[in-house]
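> Whatever this is, show me its structure:
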Amino acid sequence: MLKLGKRLQQLDKLVTANYDHIWDCCCDHGYLGTSLLTRQAANVIHFVDIVPELMSGLNYKLNQFYPEQSLLNQITNNDTLEECLWKTHCIDVNALPLKDYKGSHLVIIAGVGGDLMTEFVTSICQQFPQFVIDFLLCPVHHQYTLRQQLANLNLKMEQEILVEENNRIYEVLLVKHNLMTSKNNKVDIKTISLTGDSLWLTKTEQEYKTANKYLTKTIQHYRRIQDGGRVDVANMLKAYEAVELRYFNF
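Predicted coordinates:
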């Protein structure tokens, strides 16, 4: 399998809890999910994409790289929860079959816009209000809109970071829908800020440069929209202009 780029590496790095199921949604060629599978980040890794050709190719590759799973299914003619290391699902993210799998879930959604991501997260939370679900999200745009809905859904923030890849800066958000109860899972859970909180509290010079670049570009983006006069984004612009970027050099 190919080496992960910076963005997928960061997503992989943030997966540290002991999940029963990880859903790599909009997985494309499955690079992230395969990395998680290799290090056994969950009992079962689920690869999800709506494109049949992608899922067919991925299923073939997974059977090659993980022949023990393929052989097991051939012998048992079954793929029950106890026997699966991975599963592929050619479905829409709105149709995730979480009800068929007991335990804790991590749903990863990356590489799509914040508007579509908002739809996915809202649908999942409404379908499974009592489920323990973490979301690892990396939208390509419309971050403010996404954060608004995450707050409306009463999700909580565990981690948020910026990652730069190919001259583009992404927000990565690890948020929680119902909290996992674990003695070893001591994390600082916060309400969700519409513009970000710890994104702007940098600890290294490089973090400061990345955050400053991202904040500057974001403000310029909303100023252009506001000046265009077609859409009123005054509230968003004001919110980002009020952000205080800080550098803690310990």
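> biggest helix in the protein, by residue count?
Secondary structure of the chain per DSSP state H: the longest helix is helix 205-228.
> Just the buried positions in that one, please.
For helix 205-228, burial by neighbour count (16 or more other Cβ atoms under 10 Å) applies to Glu207, Tyr208, Thr210, Ala211, Tyr214, Leu215, Thr218, Tyr222, Ile225, Gln226. Placement of C-beta: from N, CA and C, glycine included.
> cool, and stretch 166-173?
Quick answer for stretch 166-173 (16+ other Cβ under 10 Å): Ile169, Tyr170, Glu171, Val172, Leu173.
> Quick one: residues in contact with that stretch.
Where contact means Cβ atoms under 8 Å, 6 or more residues apart in numbering, the residues beyond stretch 166-173 that reach it are 5, 7, 10-11, 14, 135-140, 143, 146-147, 150, 157, 159-164, 196, 199, 210, 213-214, 217.
> Going by neighbour count, which of those are buried?
The neighbour-count test (16+ other Cβ under 10 Å) marks 7, 10-11, 14, 135-139, 143, 146-147, 150, 157, 159-164, 196, 199, 210, 214 as buried among the contacts of stretch 166-173.
> Now, those residues that are in helices?
Among the buried ones among the contacts of stretch 166-173, the members falling in helices (DSSP H) are Arg7, Gln10, Leu11, Gln143, Leu146, Arg147, Leu150, Thr210, Tyr214.
> And the furthest pair within those?
Greatest spacing in these, by Cβ to Cβ: Leu150 and Thr210 (22.3 Å).
> Do a quick rundown of the helices in this structure.
Using DSSP H, the helices found in the chain span residues 6-13, 31-38, 52-65, 67-76, 114-127, 143-152, 205-228, 234-241.
> Out of those, which gets the lowest mean score?
Of all the helices of the chain, helix 67-76 carries the lowest average pLDDT, namely a mean of 51.
> Could you measure from Ala239 over to Leu32?
According to Cβ to Cβ, to the nearest Å, Ala239 stands 31 Å off from Leu32.
> Pick out whichever of these two has more residues nearby.
Neighbours per residue (other Cβ atoms under 10 Å) separate Ala239 from Leu32, with Leu32 holding more: 26 against 16.
> Could you pull up the residues touching the more buried one?
With contact set as Cβ under 8 Å, 6+ apart, Leu32 has these partners: Leu4, Leu8, Leu11, Asp12, Asp24, Ile108, Ala110.
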